[in-house]
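Enquirer: what follows is a protein structure lacking sequence information:
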């Protein structure tokens, strides 16, 4: 196991409960933002690359 | 013995997971819907039916004999292009097509798997020996395009480049009056 | 602490040896076809190198790593010695023998068919036999994973299967089923021709069988990475896993939907109809779901670790994370690379959009970003984490580990971003030479050179990785203690049977395969006149 400079001890249940008070807001924000970027990349490709070359036969 | 976690936190965590799963399903549905829309409106996919062709006799019988290759003006005003891919060239090596016209490309391979794309377009097709590939497209701009082989076909693959020349419809029609099959390959 | 350390180390070293050799080949390939080097004159060398690189990176590295991680997790998560050690060594011997038997004809130029085989091109029979041997070795591993779990369940009736083993066995079953496609193609189509018993082959059918394997194999490659996300990372950074059941749900979904979506590699092919292509495209979208679940669950677990260290606010917990810990770096880099690679992936899967990029360098850039980037970087992390338990020696060169991970990350970005760009410019795949003086290709020159620079950074990183592993063998002896896995935030008391076993998921997996692949395969087999003459490569000149 990797235990570099700062020794990492497993947290106690009490500490975990305290840390969970804010729910998963940070994760929702981070995962949400990342997913939004991925979807934006998809639409950017659609409008900037695919559509200019597309024709309706 | 662990102290019991407050039911509050358990419920909170499960709610967050469930809400995220809903977001995920919505995102996926949006992408599938957008892709389906593109599929219906800008379709350049190969055919729905599976057609076969014998690479051993392509040059002797059937629609891919050499005198039938190239671009043909059809009675309904559309253009049918027949191409054969082989190690290591496309025949014809320069494909002549009119702009603003329905163009159907029918192609097959005489030996191994090839494929081509036409630059600046979404035309992209695999040529599998034994099968005929068909694609419908329309070229909106005149000019020259590159048509490289993009599937590894053994050691000459890097030299397998064809060209596509898009000319205006009138010029194409006049040329088609004099010859059954057109191409811009050097003769 | 695993008991059979030498067994696991042998698997790791075979995998990483193939990896390093292939890495050198890879950078040579990038260099040789770039504007930085003149035309090499004989293109066969290039295609030979591509075959060797692809074979090692696709068939040797990830298989051996999955086996190593699998044996490690069996012993440490089930806390019992591996049953069937003699079989495990036989599996390793098959993998080793197979690697040698496959690589020799490639090196001799007798099998330049690329790792995707490309019938009707046919190479030396030994190439294919070698790969079959590697796969057989891995099937022994699959059987051992299954047997060991079954024995543990008998010894621990009614207990919840430890999460690492649940995921490990799911990955093993996924591999077993997905390898069937390529196995059928090799055993029933290619080898009969390579051995001279037949002279024709249905290239279209072969491509369909290969596509069966081709997509799900990348999920097999991904399993150790995701297992690390769930069962190693939260512990390593001092946190807890946000949800154990969601991890099981994600892997159950992978088991069902990772496999029957391979036709998205055949969107432009003539031997599959439009209806089935659309069906595979939709199911490919469904397989995005377990990854999105994973992204959230792991983000929440990492957030927890940050808040435990005092982080506050919507994003403030990010700063509080243990950034000097190599595992923290690895998971972050992996997620960033996964995001960009995933964006490319959802573009590729979107049926019509695929026609813009199929068989361009975009595709090559994409899978290097997601596999060599997001997935392999966690192979490094797993090796670093497990090494002290395998060598019985300390692994404390954290600075070197961080440098290795940083260079891999930066190198991957510099390598793959321009690679995607030249794909958009229309640069076709797998050519030994490009005439950059042609005005149509001139714009591709500079991005290609940038990619070469990225590849060089990646190569340096590969050697740093080797240095870390070797130093681990020569360090002072140190007792690493018990190997611990992540603990869930709310350790589940009882697990529903569906998340404690595989019967339901395997049935769905096989059923969905029948729906998505049954008709296309049967239709092609029943269609007459599709077999074409095979072409031997590598004839003596």
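Expert: It's in. Since this is a predicted model, take the numbers as computed values, not measurements. Numbers count the residues shown, from 1 in each chain, chains lettered A, B, ... in the order given.

Enquirer: C-alpha only now, for contacts and for neighbours.
Expert: OK.

Enquirer: let me know the secondary structure of residue C:507.
Expert: Here residue C:507 is recorded as helix under DSSP: H, G, I helix; E, B strand; the rest coil.

Enquirer: counting neighbours, what do you get for the nearest residue to residue B:110 once chain neighbours are set aside?
Expert: Nearest-residue entry for residue B:110: residue B:55, 4.6 Å, with adjacent residues in sequence omitted and distances by CA to CA, 6 or more residues apart in numbering or on different chains. By the measure other CA atoms under 10 Å in any protein chain shown, the count of residues near residue B:55 is 23.

Enquirer: can you check residue C:162 too?
Expert: Quick note: residue C:162 (other CA under 10 Å) scores 17 neighbours.

Enquirer: can you tell me the centre-most residue of chain A?
Expert: Residue closest to the mean C-alpha point of chain A, counted by CA atoms, centre = their mean, is residue A:31 at 2.7 Å.

Enquirer: just confirm that residue contacts residue C:299, I think it does.
Expert: Yes - judged on CA atoms under 8 Å, residue A:31 makes contact with residue C:299 at a distance of 6.9 Å.

Enquirer: hang on, the earlier thing: for the residue nearest to the centre of chain A, give me its contacts.
Expert: Shown in contact with residue A:31 (CA atoms under 8 Å, 6 or more residues apart in numbering or on different chains): C:295, C:296, C:299.

Enquirer: check residue C:140 too.
Expert: Residue C:140 neighbours (CA under 8 Å, 6+ apart): C:87, C:88, C:91.

Enquirer: got phi/psi on it?
Expert: Main-chain dihedrals, residue C:140, degrees, to the nearest 10: phi -60, psi -40.

Enquirer: which residue is the nearest non-sequential neighbour of residue 38?
Expert: Looking at chain A here, since you left the chain open. Here the residue nearest residue A:38, using CA to CA, 6+ apart, is residue C:343, at 5.0 Å.

Enquirer: actually, chain C is the one I wanted.
Expert: In space, residue C:38 is closest to residue C:32, 7.4 Å off (CA to CA, 6+ apart).

Enquirer: which residues are in contact with residue C:51?
Expert: C:106, C:111, C:112, C:113, C:114, C:115.

Enquirer: and what of residue B:31?
Expert: Counted by CA under 8 Å, 6+ apart, residue B:31 has contacts A:39, C:285, C:350.

Enquirer: isn't the first one up against residue C:342?
Expert: Yep, that's residue A:39 we're talking about. No - contact criterion CA under 8 Å: residue A:39 and residue C:342 do not qualify, at 9.9 Å.

Enquirer: pick out whichever of the two has more residues nearby.
Expert: More crowded of residue A:39 and residue C:342, by other CA under 10 Å: residue C:342, with 24 against 20.

Enquirer: isn't that one right up against residue C:370?
Expert: Yes - with contact defined as CA under 8 Å, residue C:342 reaches residue C:370; the gap is 7.3 Å.

Enquirer: could you check the pLDDT of the closest residue to residue C:297 other than its chain neighbours?
Expert: Nearest non-adjacent residue to residue C:297, counting by CA to CA, 6+ apart: residue C:242, 5.9 Å away. pLDDT, residue C:242: 94.

Enquirer: contacting residues for residue C:242?
Expert: B:13, C:297, C:298, C:300, C:301, C:304, C:488, C:489, C:490.

Enquirer: do the same with residue B:113
Expert: Residue B:113 is in contact with B:126, B:127, B:128, B:129, B:151, B:152, B:153, C:118, C:119, C:120, C:203, counting by CA under 8 Å, 6+ apart.

Enquirer: I'd like the distance between it and residue C:193.
Expert: Note on residue B:113: its distance to residue C:193, by CA to CA, to the nearest Å, is 17 Å.

Enquirer: shouldn't residue B:126 be within a strand?
Expert: Yes - assigned with three-state DSSP, residue B:126 falls within a strand.

Enquirer: in terms of helices and strands, where is residue C:407?
Expert: Secondary structure from DSSP states H and E places residue C:407 in helix C:398-424.
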